[in-house]
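Novice: Got a predicted structure here, sequence first:
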Amino acid sequence: MHFDKVDVQLGARFDTRAIRVLEGINRDFSSFNGALGAKTAITPNIVAGLNLASGYRAPNLAELTSFGTHEGTNRFEIGNNNLENEQNFQTDLSLEFKNEHVELFVNGFYNSISNYIYLSPTGDVIDAAPVYDYLQQNANLYGGEVGLHIHPHPLDWLHFEASFETVTGKQSNGAFLPLIPANSITNTIRIEFEKPWINNGYSFVKLRNTFKQTNVSVFETPTNGYALLSAGFGGDFKLFDNILSFTLSGNNITNKSYVHHLSRLKADGIANIGRNISLGFIYKI
């Protein structure tokens with residue numbers, strides 16, 4: 001709905017799900033949820049938005065019935081057939097400033113979840129794999145993102161982008177939730193250009209700094225921080241009267257040895273992928 005100074009969105013839905021398992025698990029899940037959002041221009045250059053929403057998620061078969069080693073994660077996972085619906089209520093607020101050469105945004109959220117389902121390490125080992133239980137508890141997730149984009153005049157071909165992302169997850173008893181990503185900062189310099197032999201040309205250099213994650217749950221270990229450097233270029237070429245798009249990019253150019261906090265191979269001491277070079281072509285006929 002559009003008013004003179006405010007745009008408003010409303011939504012509602014009802015969901016139901018039935019799970020029938022041969023072992024005798026017969027569960028029915030349902031929930032009614034809604035959403036309300038509003039967006040307004042405070043000034044010609046500043047826009048603010050507020051959203052309120054509820055949601056639900058029924059436990060899946062893995063969460064209800066697992067008992068064994070998950071070969072994809074190398075974890076011995078134990079399900080819980082007494083799990084209830086996850087039910088959440090989220091509030092998020094956004095603020096954006098934008099003019100011809102500068103964009104700045106701030107987004108924040110607070111998500112209160114009843115019966116939050118999560119995997120948690122127990123400290124035990126079965127069949128040479130660490131044991132993880134599917135648990136359920138009320139929890140809160142909160143965080144946000146701050147971003148800046150500058151393309152200064154008269155250097156309109158030059159773009160500098162920076163963003164900071166953070167999220168914190170806590171159980172209702174104040175303990176940290178497991179498997180929450182670490183805070184990070186990303187800085188990117190991007191150049192756009194046009195030449196007689198190339199259209200929509202670009203090149204970029206990106207540095208992503210991930211901080212040490214020390215907000216961990218019981219039996220979960222901290223993860224060291226790291227920095228990853230990426231770069232690439234690309235553009236469009238005319239070939240036989242059609243357009244050939246070309247991209248060449250490299251990730252983790254310095255071949256940094258690191259482990260992501262959410263890596264499924266962290267317990268085995270296996271690092272994430274090293275230097276990775278990608279070459280791509282798209283030919284439009």
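Specialist: Here it is on my side, so go on.

Novice: check contacts around the closest residue to T65 other than its chain neighbours.
Specialist: Excluding the flanking residues, the one nearest T65 by C-beta to C-beta, 6 or more residues apart in numbering is G79, at 4.8 Å. In this view, the C-beta of every residue, glycine as well, is placed from N, C-alpha and C. Contact analysis of G79 by C-beta atoms under 8 Å, 6 or more residues apart in numbering lists A62, E63, L64, T65, S66, F67, Y134.

Novice: Of those residues, just say which sits nearest to E23.
Specialist: Using C-beta to C-beta, T65 is the member of these that lies nearest E23, at 7.0 Å.

Novice: Just to check, the closest one is in contact with I25?
Specialist: Yes - applying C-beta atoms under 8 Å, one finds T65 in contact with I25, separated by 6.8 Å.

Novice: intersection of neighbour lists for the two?
Specialist: The contact sets of T65 and I25 overlap at N81 (C-beta under 8 Å, 6+ apart).

Novice: neighbour count winner among these two?
Specialist: T65 (18 against 14; other C-beta atoms under 10 Å).

Novice: just to revisit the earlier point, mind putting the contacts of G79 into a markdown table with distance to Q213 and secondary structure?
Specialist: Listed next are the contacts of G79 as a markdown table, based on distance: C-beta to C-beta, whole Å; DSSP: H, G, I helix; E, B strand; the rest coil:
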| residue | distance to Q213 | secondary structure |
| --- | --- | --- |
| A62 | 25 | helix |
| E63 | 24 | helix |
| L64 | 29 | helix |
| T65 | 30 | helix |
| S66 | 25 | coil |
| F67 | 29 | strand |
| Y134 | 22 | strand |
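
Novice: Now the buried members of the residues you listed.
Specialist: E63, L64, T65, S66, Y134 (16 or more other C-beta atoms under 10 Å).

Novice: what's the pLDDT at the second one?
Specialist: In other words, L64. At L64, the pLDDT value in this model is 92.

Novice: For it, give me its contacts.
Specialist: By C-beta under 8 Å, 6+ apart, the contact set of L64 is I19, V21, I25, R27, G79, N80, N81, L83, Y134.

Novice: do that again at 10 Å, thanks
Specialist: Counting by C-beta atoms under 10 Å, 6 or more residues apart in numbering, L64 makes contact with 19, 21, 23, 25, 27, 58, 79-83, 117, 134.

Novice: Good, we can wrap up now.
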